[in-house]
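Asker: Only the shape, not the letters, is given here:
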């Protein structure tokens, strides 16, 4: 199957490489779209040399810890496996070493960008005759890896008491049929108990300085919709995020969904192998995620 691709599509009125997405489509138009959101600890790397200009918001300052282009091969494989369109967005990142006086970009800004992208996507007319839709008739299947699993959980669970800016529209809630989360970060204090060095490496920069980060955990949030299905996957070989994160999120969703849990949430912590990002090598990740999405889209 030939995959049709288009790169660097703006989803913000401001032309900003951090607010663009790449799109991969099968030859036949489809209303179902898979969205893969990259991880990278919410973090951009800032050059340490003197080339850094005086501006504090210029994209040229930052080299992404991860970028949408890094996942082009994965997106193409998912497109071929599912025969569905795949979108891969960027979003703005927090600098790894904020300078004194910087207006630091922090949570929930990353998730706000993602929410803005998803709201854009459900109305976007698309290339090659994929027509724009309203009323929730476009079907979205969302994949969040690492920190982006936290972002998706913050949007599609009810975080309104902490981050009211992350409220999805009713149309978007209806469009999202399933969310796949791999190697996810969900409970910040639990993560820091396993990896204390993460506080200085990226947590404090991402969320600011706080005595406790429990308010930013997603493992105590209520549901926004009981119709969205969830799939939690984790590799036992992951050395950067431990399996207890995924187990705790699975347990929370299972409790929230109650009588609908059997069909509403599932987990897979046995089939995927490899370290945090090494899971994308080979075909196991594409097969596991793609088969799940294909089953959901056939319903």
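Answerer: Okay, I see it. Computed from a prediction, not measured in an experiment: that's the story for all the values here.
Asker: Can you tell me what sits against stretch 112-129?
Answerer: The contact list for stretch 112-129, computed with C-beta atoms under 8 Å, 6 or more residues apart in numbering, reads 4, 6, 11-12, 18-19, 21, 23, 25, 29, 33, 35, 37, 85, 87, 89, 91-92, 131-134, 136, 138, 140, 142, 148, 151-152, 155, 165-166, 168-169, 171-172, 175-176. (Each C-beta comes from the backbone N, C-alpha and C, glycine too.)
Asker: list the buried ones in stretch 214-221?
Answerer: Neighbour counts using 16 or more other C-beta atoms under 10 Å place 216, 217, 218, 219, 221 of stretch 214-221 among the buried residues.
Asker: I misspoke; the intended subject was stretch 261-273.
Answerer: Under 16+ other C-beta under 10 Å, the buried positions of stretch 261-273 are 261, 264, 265, 266, 267, 268, 272.
Asker: Low-confidence stretches in the protein?
Answerer: Counting by pLDDT under 70, the chain has low-confidence residues at 45-65, 99-102, 128-137.
Asker: Please indicate which of the contacts of stretch 112-129 are buried?
Answerer: Of those, these count as buried by 16+ other C-beta under 10 Å: 11, 18-19, 21, 23, 25, 33, 35, 37, 85, 87, 89, 91-92, 133, 136, 138, 140, 142, 148, 151-152, 155, 166, 168, 171-172, 175-176.
Asker: Restricted to helices, list these.
Answerer: Using DSSP state H, the members of the buried ones among the contacts of stretch 112-129 that fall in helices are 148, 151, 152, 155, 171, 172, 175.
Asker: need the contact list for the first one.
Answerer: Contacts were defined as C-beta under 8 Å, 6+ apart; by that measure residue 148 touches 37, 38, 39, 114.
Asker: just the second one next, same as before
Answerer: Contacts here follow C-beta under 8 Å, 6+ apart; on that basis residue 151 touches 37, 110, 111, 114, 144.
Asker: Top of those residues by number of neighbours, please.
Answerer: residue 37 (29 neighbours; other C-beta atoms under 10 Å).
Asker: Go through the buried residues of stretch 214-221 and say which is closest to residue 246.
Answerer: Checking the buried residues of stretch 214-221 against residue 246 by C-beta to C-beta gives residue 219 as the nearest, at 10.5 Å.
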